[in-house]
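# Okay, structure incoming, though there's no sequence with it:
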């Protein structure tokens, strides 16, 4: 199974990649919203870890588009701006889970187990 990480923080990409590999997922990373369409087409990920604050916009604005094109893909919104308002909007737009940063290995493992079971 493939996973796509969309985050402009390279440390986050490396950390998530390592955790996902230990969960038998094949991770791929991109750092901007402008890369999403091409990456989704190329990798067809089962699970997507989507940061909200990216250099070229808000990740939450892409959730509905991703879900429309790839309805089976599971989306985990990850953001340092962990407020109830942001969480509610992301979930309303179709995110399957919401994790605030910093997240723990346990939280990522639980997300993968829940969404990829």
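That came in fine, so what should we check first? Note that the coordinates shown come from a computational prediction; the quantities given were computed from them, not determined experimentally. Numbering: from 1, shown residues only.
# can you give me the strands for this structure?
Secondary structure of the chain (DSSP state E): strands at 2-6, 26-30, 47-51, 53-54, 57-58, 74-79, 97-100.
# Just want the angle from the first one to strand 74-79.
What it means is strand 2-6. Interaxial angle of strand 2-6 relative to strand 74-79 (axes from the mean of the first three to the mean of the last three CA atoms, to 10 degrees): 30 degrees.
# Sheet-wise, list the partners of strand 2-6 with their directions.
Paired neighbours of strand 2-6 in the sheet (DSSP bridges): strand 26-30 (parallel), strand 47-51 (parallel).
# Then the fifth one?
Strands that pair with strand 57-58, judged by DSSP bridges, come out as strand 53-54 (antiparallel).
# what's near enough to touch the most centrally placed residue in the chain?
Residue closest to the mean C-alpha point of the chain, counted by CA atoms, centre = their mean, is residue 49 at 1.2 Å. Contact analysis of residue 49 by CB atoms under 8 Å, 6 or more residues apart in numbering lists 3, 4, 5, 6, 7, 16, 76, 78. C-beta here means a position set from N, CA and C on the backbone, and glycine is covered the same way.
# quick revisit: out of the strands paired with strand 2-6, flag the one nearest residue 84.
For the strands paired with strand 2-6, the distance to residue 84 is smallest for strand 47-51, at 18.5 Å, taking CB to CB.
# quick one: average confidence on the closest one?
Strand 47-51 shows a mean pLDDT of 97 in the predicted model.
# Then stretch 107-115?
Stretch 107-115 carries an average pLDDT of 96.
# Going by neighbour count, which residues of that stretch are buried?
Within stretch 107-115, the residues scored as buried using 16 or more other CB atoms under 10 Å are 107, 108, 111, 112, 115.
# right, and the third one touches residue 98 too?
No - the pair residue 111 and residue 98 fails to qualify as a contact (CB atoms under 8 Å) at a distance of 9.7 Å.
# any residues in contact with both of the two?
residue 76.
# Show me the contact partners of the lengthiest helix in the chain.
For the chain, the longest helix by residue count, based on DSSP state H, is helix 10-22. Applying CB under 8 Å, 6+ apart, the contact partners of helix 10-22 are 3, 5, 7, 26-27, 29, 31, 49, 51, 78, 101, 105, 108-109, 112.
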